[in-house]
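Asks: here's my sequence, what's the structure:
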Amino acid sequence: MKILLFGKNGQVGWELQRSLAPLGELIALDTDCKEMCGDFTDPDGLVRTVRAVAPDVIVNAAAHTAVDKAEGEPELARVINALAPAVLAQEAKRGNAWLIHYSTDYVFDGCGDRPWHETDSTAPLSAYGTTKLEGEQLIQQAGCRHLIFRTSWVYGTRGGNFAKTMLRLAQERDNLSVVNDQVGAPTGAELLADITAHAIRAARPELSGLYHLVAGGETSWHGYASFVLDYARRAGIPLKVMPDAIQPVPSSAFPTPAKRPLNSRLDTAKLQSTFGLILPLWQNGVARMLTEILDKQL
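Replies: Numbering: from 1, shown residues only. Next comes the predicted model:
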C-alpha cells in the first residue's frame, strides 16, 4: 500500500506519520517540501504530486485552523479547507484511491445539548466552519471513496495546546477565568491517528462516508482546565492558583472574531459500530499527554 500524507507537521499529521508507517510506503509532505508540492494554495502542484506518487490512499491532515484569523481571510481559508481537498478528491477518484479527510464540529451551530449525529442539519457560525463544510461537500460530490472524520477540541503533545497554556498561567497567576458554557470532548491527535490507521486497514467501498470521531465523555473548558491543574498539582507541580480560584465564566467574557459553537458534542455510535471500536474517555488521553509534559518539568 502506498500512502500520501499532506500536513505532516501539524498535530494530527505528526502522529499520522507514526501510525501510518506500518501500513506500507508512506510519503509525507508539508508546505515546505521541495521535491513535491504540499502547498494547498497550488492546486496544479497538488495534481502533479498525486499523479506522480499514484497513491492507494491520500490522507489530508492539512487545514486552515486559525479560526479567528479565517474571519479576516475567508478566501484563503476556502482555498485550503475546501478547494484543495476538492482537488485531492477528484484525483482520488481518477486514480481509484481512498481519501481520508478531517472536518470539525464547527459545521454545526452549537445549539441544544445533545450530541450531534452525522445526519443532523449543518449551520456553521464562522468562516472556518463554512469552509470546512464546503470541503466535506466537495469531497462527497467528487464521488471518490472517502472517510471524512469530524472531530473537535484536538490537542497534541507536540506544539502548543490548551493544557500547556493553563499550566503556564496557573504558575504565573493567583486567579484564572475559564469558559464553562462550551461543552465537548478533548480529543488527542494520537487517538485520531490510531483510529485512522485502523479504519484504513478495515476500509471497504461500502464503508465510504462521514463519521464523527472524538474521545468519550464530555466536559467544558472550565472542567478541562480543572482536570489539568488537579493532575499537575497531584504530580507535584507547584501552582500559584488554588482550585477554588479557577472561575467559570460565559463565552461572552472573552469576545472573539469567530463565534464558537456552545455544543460541540459529537455522537460516535456510527464509527464505533462500523469499525468495531470503543473510544476511550477524554480523561485517559489528557492524562497521558500531561504525563509526557509534566515529566519534563519535574
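Asks: mind listing what the residue lying closest to A189 once chain neighbours are set aside touches?
Replies: Nearest-residue entry for A189: G156, 3.7 Å, with adjacent residues in sequence omitted and distances by CB to CB, 6 or more residues apart in numbering. The C-beta positions use only the backbone N, C-alpha and C, and glycine is treated the same way. Each residue near G156 by CB atoms under 8 Å, 6 or more residues apart in numbering is listed here: 11-12, 14-15, 188-190, 289.
Asks: going by distance to K93, which of the residues you listed wins?
Replies: If you rank the contacts of G156 by distance to K93 using CB to CB, V12 comes first, at 23.6 Å.
Asks: pLDDT at that closest one, what is it?
Replies: For V12, the pLDDT comes out at 96.
Asks: OK, contacts around it?
Replies: Here V12 is in contact with 61, 102, 154, 156, 189, 192-193 (CB under 8 Å, 6+ apart).
Asks: ok, now with 10 Å
Replies: By CB atoms under 10 Å, 6 or more residues apart in numbering, the residues touching V12 are 5, 19, 59-63, 65, 102, 149, 151, 154, 156, 187-193, 196.
Asks: what does D113 give?
Replies: Contacts of D113 by CB under 10 Å, 6+ apart are 183, 218, 262-263, 265.
Asks: now, the contacts of V12 that are in strands?
Replies: 5, 59-60, 102, 149, 151, 154, 187-188 (DSSP state E).
Asks: hmm, S152 is touching T187, no?
Replies: Yes: counting by CB atoms under 10 Å, T187 is a contact partner of S152 at 6.4 Å.
Asks: joint contacts of these two?
Replies: 213-215, 266.
Asks: now for the residues you listed, which pair is the farthest apart?
Replies: A215 and L266 (10.0 Å).
Asks: give me the common contacts of the two.
Replies: Shared contacts of A215 and L266, counting by CB under 10 Å, 6+ apart, come down to 151-153, 184-185, 187.
Asks: show the buried residues in those residues.
Replies: For those, a neighbour count by 16 or more other CB atoms under 10 Å gives the buried set as 151-153, 184-185, 187.
Asks: and which of the residues you listed is nearest S208?
Replies: T151 (18.2 Å).
Asks: go ahead and confirm that closest one touches W116.
Replies: No: the criterion here is CB under 10 Å, and T151 misses it with W116 at 11.8 Å.
Asks: anything in contact with each of these two?
Replies: 105, 212, 264, 266.
Asks: okay, the shared contacts of A215 and L266 in CSV with pLDDT and distance to A84 next?
Replies: Output for the shared contacts of A215 and L266, formatted as CSV (pLDDT from 0 to 100; distance: CB to CB, whole Å):
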residue, pLDDT, distance to A84
T151, 98, 19
S152, 97, 22
W153, 97, 24
G184, 98, 26
A185, 98, 28
T187, 98, 23
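Asks: which one of those is nearest K164?
Replies: W153 (14.3 Å).
Asks: and that closest one, what does it touch?
Replies: Taking CB under 10 Å, 6+ apart, one finds 104-105, 161-162, 182-188, 214-215, 218-219, 221, 224, 264, 266, 282 in contact with W153.
Asks: so which of these are in helices?
Replies: If you go by DSSP state H, the contacts of W153 have 162, 221, 224, 282 in helices.
Asks: tally of neighbours for the closest residue to the second one other than its chain neighbours?
Replies: Distances taken as CB to CB, 6+ apart put V179 closest to W221, at 4.5 Å, once the chain neighbours are dropped. V179 sits with 19 neighbouring residues when counted by other CB atoms under 10 Å.
Asks: so where's this structure shaky on pLDDT?
Replies: For the chain, the stretches with pLDDT under 70 are 296-298.
Asks: the longest helix in it is where?
Replies: Longest helix in the chain, counting by DSSP H: helix 127-142.
Asks: give me the helices and strands touching that helix, please.
Replies: If contacts are counted by 3 or more CB pairs under 10 Å, 6 or more residues apart in numbering; DSSP states H and E, helix 127-142 sits against helix 67-72, helix 74-78, helix 84-95, strand 98-104, strand 145-151, strand 209-212.
Asks: buried ones in stretch 83-94?
Replies: Those would be 83-93, for stretch 83-94 by 16+ other CB under 10 Å.
Asks: please apply the same query to stretch 186-199.
Replies: 186-197, 199.
Asks: with stretch 252-259 instead?
Replies: Buried-residue list, stretch 252-259, by 16+ other CB under 10 Å: 258-259.
Asks: so which bits of stretch 264-277 are buried?
Replies: So, applying 16+ other CB under 10 Å, buried residues of stretch 264-277: 264-268, 270-272, 275, 277.
Asks: let's see it as CSV, backbone CA atoms only.
Replies: Output of stretch 264-277 as CSV, limited to C-alpha atoms (Å, rounded to 0.1, in the frame of the first residue of the first chain):
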residue,chain,number,x,y,z
SER,A,264,-19.5,20.6,20.4
ARG,A,265,-20.7,17.1,21.5
LEU,A,266,-20.5,14.6,18.6
ASP,A,267,-22.2,11.2,18.6
THR,A,268,-19.7,8.5,17.7
ALA,A,269,-22.0,5.4,17.6
LYS,A,270,-21.8,5.1,13.8
LEU,A,271,-17.9,5.0,13.9
GLN,A,272,-17.8,2.6,16.8
SER,A,273,-20.3,0.1,15.4
THR,A,274,-18.9,0.3,11.8
PHE,A,275,-15.3,-0.3,12.7
GLY,A,276,-15.7,-2.3,15.9
LEU,A,277,-14.2,0.3,18.2
